[in-house]
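**Student:** Sharing a model that was predicted from the sequence below.
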Amino acid sequence: MPQRKASLKRLRADKTRRLRNIKIKTDLKKTLKGFKALLADNKRQELLAALKKAFSRLDKAAAKGIIHKKTASRKKGRLHKKFTLMMNAAAGKA
């Protein structure tokens with residue numbers, strides 16, 4: 001254990017940030033998993049709302065430095081590509 005006050009404060013701050021980062025990453029993973037589940041079930045009505053929510057969570061995580069900016073961009077691109085392919089396939093069948 002550190003002896004100095006500043007070191008003790010740093011430990012407390014690091015713990016707080018770590019817990020915040022874990023919560024945000026967990027929420028992000030749940031959101032992405034939910035989007036992929038909707039995609040697999042072909043639920044087109046809820047899919048656009050889930051895509052917007054996923055984009056928002058990715059942007060917020062990147063802004064806070066929890067994930068890299070380009071990682072968020074790559075994930076958004078891949079999600080949008082899957083969304084577009086599904087919508088085009090559904091439009092072709094109808």
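**Tutor:** Perfect, thanks for sending it. Keep in mind it's a predicted model, so treat the numbers as computed, not measured.

**Student:** Could you say which helix or strand holds the residue nearest the centre of the chain?
**Tutor:** With distances taken as CA atoms, centre = their mean, the residue of the chain nearest its centroid is residue 28 (3.3 Å). Per DSSP states H and E: residue 28 is located in helix 5-41.

**Student:** Check what pLDDT residue 93 gets.
**Tutor:** At residue 93, the pLDDT value in this model is 69.

**Student:** go on, residue 88?
**Tutor:** We have a pLDDT of 89 for residue 88.

**Student:** burial of the spatially closest residue to residue 47 that is not a sequence neighbour, as a residue count?
**Tutor:** Nearest residue to residue 47, sequence neighbours excluded (CB to CB, 6 or more residues apart in numbering): residue 38, at 5.1 Å. All C-beta atoms are positioned from the backbone trio N, CA, C, and that covers glycine. Using other CB atoms under 10 Å, residue 38 has 20 neighbouring residues.

**Student:** what sits against residue 38?
**Tutor:** Contacts here follow CB atoms under 8 Å, 6 or more residues apart in numbering; on that basis residue 38 touches 46-47, 50.
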